[in-house]
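Visitor: Just to be clear, the model below is a prediction. Sequence and coordinates:
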Amino acid sequence: MKKLMLGNEAVARGVYEAGATVVSSYPGTPSTEITESIIAYEGIYAEWAPNEKVALEVASGAAIAGARAFSAMKHVGLNVAADPLFTMSYIGSNGGLVIAVADDPGMHSSQNEQDSRHYARASKTVMLEPSDSQEAKDYTKWAFEISEEYDTPVLVRLSTRVSHSQSIVELGERVEYQLKDYEYNPAKNVMMPAMGRARHAIVEERMEKLKLLSDKGDYNRIEINDTSVGIITSGIAYQYSKEVFPDASYLKIGMCYPLPDNLILEFASKVNRIIVIEELDPFIEEHCKSLGLAVEGKDRLPLCGEYSADLLGEKLLGLKKGTYSLNDEIIPIRPPVMCAGCPHRGLFYAVKKLKLIVTGDIGCYTLGALPPLNALDTCICMGAGFTAAHGFNKARGNEFSKKVIGVMGDSTFTHSGITGLIDIVYNKGISTVLVLDNSITGMTGHQNNPVNGYTIKGEPTRQVDIEKLAYAIGFERVRKIDPFDVDNTIKVLKEETKADEPSLIIVQRPCALLKSVKYKGCVVVDHDKCKRCMMCMKLGCPAISDIDGKIIIDETQCVGCGLCLNVCKFGAMRMEGGN
Amino acid sequence: MKAESIMIVGVGGQGTLLASRIIGNALIAMGYDVKMSEVHGMAQRGGSVVTYVKYGEKVNSPIIEKAGADLMLAFEELESARWLPYLKENGTLIMNRQKINPMPVITGSAVYPEGIEDKIRSAVKNVIALDALALAREAGTAKAVNVVLIGVMAATMKIGKEVWIEALGKTIPERFLDMNKKAFEMGYAAR
């Protein structure tokens, strides 16, 4: 049976067909739908872990215990999970251990553009790289087989365009996988210096065997056609290359680590010149050069951003296309915005009024950095919202710290905020930090998390009590506020930032896109009462515009959250239809 | 057959993703090789979004390049202008006359251009413009703008109506199906 599937759905299908039984992941664009798709299959235990390190450790334990285990994450998630990855390389697997990692060239939804292939080399593991959904499924299944045969974790590298493109997949049956025996084996599974030294030597031997596998050509394929140009490429770049150079010869790389030295040399002997086409870093190109080959690539192709067939045509063939255009018409950009009804808007409005420095974090609330709110001073990585605030405190002293707050969401808090809280208390900081609890992992498309009290399958479970947790850690000032009560939000922020001890403020209001949130009606403006003070415009609500000298509410966008009623001092806003 | 390309452009939240999936299901039922590319995550939040659908005997890249779209389905006026360079020469543009102000216009740092439709018509021969939002409301929900536009598009293509109706059934939950079939018919008739 054939089915149109996202690359991510196809990876999930591969996990299912491979007979895997344990999956632990943390959501992150563009990887999220892999694990979301897995829950539809019978016979697989799947969970959202608090972070990627936890997820990979759970999968590692499951693999050592004899199951085929899997974990999916975005590229920056692999930074968090790097610790278990590097040592699992020494331990190996038992049941297959496969990790899907999704890079984001072009940074559609990420804070950096790192190239995860370096992790395969650094951790001395294996990396496969599919170029469409069929390969995404096939390679995932292969990854489990390689993992068991060669006793190694295997990475499957995706990129946004493979993860989020749909193409046709031939479905297969699920393998009835018998758990591998679990045996007490400290020399293999307990990594202390003595055991680690012995295992390192085994890892190096394994890499030699894996090079032979890479050379065998099951994963790396030579397609000889016109031999005047030979292209070495992998992943989505293969698809773009085929559009621009349909008649060229190809070495299509499916296993990007370890690379197939002999196949590369054989290919080089058959073609006149070689162009390496790969997004981001010259990973394959530098390897070819290390083999003594004079290849072309990054001399003309960029290190930054996504590739496309147009880009390859322009940079490699000098092609320029004629296109329709509206000549000199200026088309305003349309950056992403916080949705109408977003609970974060109320908080950032208050924060801006108080002119606070905000060390921010990763999530929907990162959009508070954009105009007109311009509310964030920093955004580094998950967890740094709190810890960077502590850094400001220690760099510039307690008085300065009273103008600084750290913010992060509920999911980010369980991901890596708790250790930051401990650091602040333990090291006598005075930072005021805020958990923006919207009852969901929002930006990645609504995943449950330990704070909202539902599992990946929507079953009720124990809920992390942030308030009790903060008290247990040693915070003595913990407040709860509703960000739509703007006056109280300002009052509490003033009180807590003034204090000479650390404070945690839990800012609670659920995401407006949740089905359980039922705002009613739509706001209308009474133009007789409106004084055009523009306070409502400072909210940066996509439903409110100032057009031809009048404040206008776009009824197709307004969800009726009522925040603008709370900031209008002249009572010019009123709710119609409901409430 | 050479691969054909349909580009769907709009504003995050307008239902472009569902539209591409309905179209994909119809094309698969016709036996084509199909590839589609979508936008998820931060870019989806009220930003300019684009999804690609390519079909034919064999499709390589899932991405549509400049001057590559045989058909462009624009859910919003400004977005039709933004993505116009991706329309193929003599390609067809189906545009919804809805306007959604982007944040720079809301904050007053930019102006929403006037007369986009006329300007596009002076450059592009095949333009179908309509108020899909009004039709969607008539069908029962403003959310069905996407299905109205698919209806308009279906009327320009050589794929049987029943194939489209079946694709709707495969993609849309049962309880919204009748309303969406109505929206499709209204779009189909509007052509």
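Guide: Nice, thanks for sending it over.
Visitor: tally of neighbours for residue A:555?
Guide: 15 (other CB atoms under 10 Å in any protein chain shown). For every residue, glycine as well, the C-beta is placed using N, CA and C.
Visitor: right, I mislabeled it, should have said residue A:408
Guide: 27.
Visitor: Direction included, what does the helix or strand encompassing it pair up with?
Guide: According to DSSP states H and E, residue A:408 maps onto strand A:404-409. Using DSSP bridges, the strands paired with strand A:404-409 are strand A:357-360 (parallel), strand A:432-437 (parallel).
Visitor: what's the most buried one of the ones you listed?
Guide: strand A:432-437 (a mean of 27; mean count of other CB atoms under 10 Å in any protein chain shown).
Visitor: Skip ahead from that one and say which helix or strand is next.
Guide: helix A:466-473.
Visitor: Strand A:404-409 and the host helix or strand of residue A:399, what's the angle between them?
Guide: Residue A:399 is part of helix A:384-401, with elements assigned from DSSP H and E. Interaxial angle, helix A:384-401 versus strand A:404-409 (axes from the mean of the first three to the mean of the last three CA atoms, to 10 degrees): 160 degrees.
Visitor: what does the stretch 251-400 of chain A have sitting close to chain B?
Guide: A:308-310, A:321-326, A:329-339, A:364, A:366-367, A:370-372 (CB under 8 Å from any CB of the partner chain).
Visitor: which ones among those are found in helices?
Guide: Counting by DSSP state H, the part of these found in helices is A:309, A:310.
Visitor: For PyMOL, write a command that selects the buried ones of the residues of the stretch 251-400 of chain A next to chain B.
Guide: Here is the PyMOL selection string for the buried members of these, based on 16 or more other CB atoms under 10 Å in any protein chain shown:
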select buried, chain A and resi 308+309+310+324+326+331+332+334+335+336+337+338+339+364+366+367+370+372
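Visitor: Against residue B:12, how distant is whatever residue of the stretch 51-200 of chain A ends up closest to chain B?
Guide: Of all residues in the stretch 51-200 of chain A, residue A:109 sits closest to chain B, at 3.0 Å by CB to the nearest CB. If you measure residue A:109 against residue B:12 using CB to CB, to the nearest Å, the figure is 12 Å.
Visitor: Excluding covalently adjacent residues, which one is nearest to residue A:555?
Guide: residue A:522 (4.9 Å; CB to CB, 6 or more residues apart in numbering or on different chains).
Visitor: again with residue B:26
Guide: In space, residue B:26 is closest to residue B:167, 3.8 Å off (CB to CB, 6+ apart).
Visitor: neighbours around residue 73, how many?
Guide: With no chain named, the answer covers chain A. Neighbours of residue A:73 (other CB under 10 Å): 29.
Visitor: Chain B, not that one
Guide: Considering only other CB under 10 Å, residue B:73 is surrounded by 29 other residues.
Visitor: Verify the stated contact: it with residue B:9.
Guide: Yes. Counting by CB atoms under 8 Å, residue B:73 does reach residue B:9; the two are 7.3 Å apart.
Visitor: Please list the residues of the stretch 51-200 of chain A that sit near chain B.
Guide: So the stretch 51-200 of chain A meets chain B at A:108, A:109, A:132, A:161, A:164, A:165, A:166, A:167, A:168 (CB under 8 Å from any CB).
Visitor: The fifth one: neighbour count?
Guide: Applying other CB under 10 Å, we find 25 residues neighbouring residue A:164.
Visitor: Would you confirm that the residue nearest to residue A:555 contacts residue A:575?
Guide: Yes. Shown here, residue A:522 and residue A:575 form a contact pair, counting by CB under 8 Å, at 7.4 Å.
Visitor: list the residues that contact both of the two?
Guide: Common contact partners of residue A:522 and residue A:575 (CB atoms under 8 Å, 6 or more residues apart in numbering or on different chains): residue A:560.
Visitor: so what's residue A:377 up against?
Guide: A:357, A:358, A:359, A:360.
Visitor: between those residues, which is nearest chain B?
Guide: For the contacts of residue A:377, the nearest to chain B is residue A:360 (13.6 Å; CB to the nearest CB).
Visitor: Check whether the spatially closest residue to that closest one that is not a sequence neighbour sits in a helix, strand or coil.
Guide: Excluding the flanking residues, the one nearest residue A:360 by CB to CB, 6+ apart is residue A:376, at 3.8 Å. Three-state call for residue A:376 (DSSP: H, G, I helix; E, B strand; the rest coil): coil.
Visitor: isn't residue A:376 right up against residue A:362?
Guide: No. Between residue A:376 and residue A:362 there is no contact under CB under 8 Å: 11.0 Å.
Visitor: and the most centrally placed residue in chain B, how far is that from residue B:115?
Guide: Geometric centre of chain B, nearest residue: residue B:73, 3.1 Å, by CA atoms, centre = their mean. Here residue B:73 is placed at a distance of 21 Å from residue B:115 (CB to CB).
Visitor: which helices and strands does the lowest-mean-pLDDT helix or strand in chain B pack with?
Guide: Sorted by mean pLDDT, DSSP states H and E, the helices and strands of chain B end with helix B:103-106, the least confident at a mean of 91. Contacts defined by 3 or more CB pairs under 8 Å, 6 or more residues apart in numbering or on different chains; DSSP states H and E place helix B:103-106 against strand A:544-547.
Visitor: and the next helix or strand after the strand it packs on, how far from the chain's centre?
Guide: Counting by DSSP H and E, the next helix or strand C-terminal to strand A:544-547 is strand A:550-553. Centroid separation for strand A:550-553 versus its chain: 37 Å, with CA atoms, centre = their mean, to the nearest Å.
Visitor: Quick check: buried residues in strand A:550-553?
Guide: A:551, A:552, A:553.
Visitor: Next one: residue A:81 from residue B:73, what distance?
Guide: For residue A:81 relative to residue B:73 (CB to CB), the value is 40 Å.
Visitor: Now do the helices in chain B.
Guide: Counting by DSSP H, the helices of chain B are B:16-29, B:77-83, B:103-106, B:116-123, B:132-139, B:145-156, B:161-171, B:174-190.
Visitor: go on, the stretch 201-350 of chain A?
Guide: A:236-244, A:261-270, A:283-290, A:309-317, A:343-353 (DSSP state H, counting those that start in this stretch).
Visitor: got a list of contacts for the longest one?
Guide: Put plainly, it is helix A:343-353. By CB under 8 Å, 6+ apart, helix A:343-353 touches A:338, A:358, A:364-365, A:367-368, A:373-375, A:405, A:407, A:434, A:436, A:438, A:482-486, A:489-490, A:493, A:507, A:509-512, A:538-541, A:563, A:566-567.
Visitor: which SSE is the closest residue to residue A:49 other than its chain neighbours in?
Guide: Take residue A:49 and drop its neighbours on the chain: the residue closest to it by CB to CB, 6+ apart is residue A:55, 3.8 Å away. Assessed by DSSP H and E, residue A:55 sits inside helix A:52-64.
Visitor: and residue 178, what is it in contact with?
Guide: In the absence of a named chain, chain A is used. No contacts exist for residue A:178 under CB under 8 Å, 6+ apart.
Visitor: related to what we said a few turns ago, I'd assumed the residue of the stretch 51-200 of chain A closest to chain B was in a strand, is it?
Guide: No. Membership of residue A:109 in a strand is not supported by three-state DSSP, which gives coil.
Visitor: quick one: contacts for the closest residue to residue A:333 other than its chain neighbours?
Guide: Excluding its sequence neighbours, the residue lying closest to residue A:333 (CB to CB, 6+ apart) is residue B:104, at 6.1 Å. Residue B:104 makes contact with A:332, A:333, A:334, A:335, A:371, B:110, according to CB under 8 Å, 6+ apart.
Visitor: cool, residue B:88 as well?
Guide: If a contact means CB under 8 Å, 6+ apart, then residue B:88 has B:5, B:67, B:68, B:69, B:70 as its contacts.
Visitor: from those, which is closest to chain A?
Guide: residue B:67 (4.8 Å).
Visitor: any idea how far the closest one is from residue A:161?
Guide: 20 Å.
Visitor: So between the two, which is more surrounded?
Guide: For residue B:67 versus residue A:161, neighbours defined as other CB under 10 Å are more numerous around residue A:161 (30 against 16).
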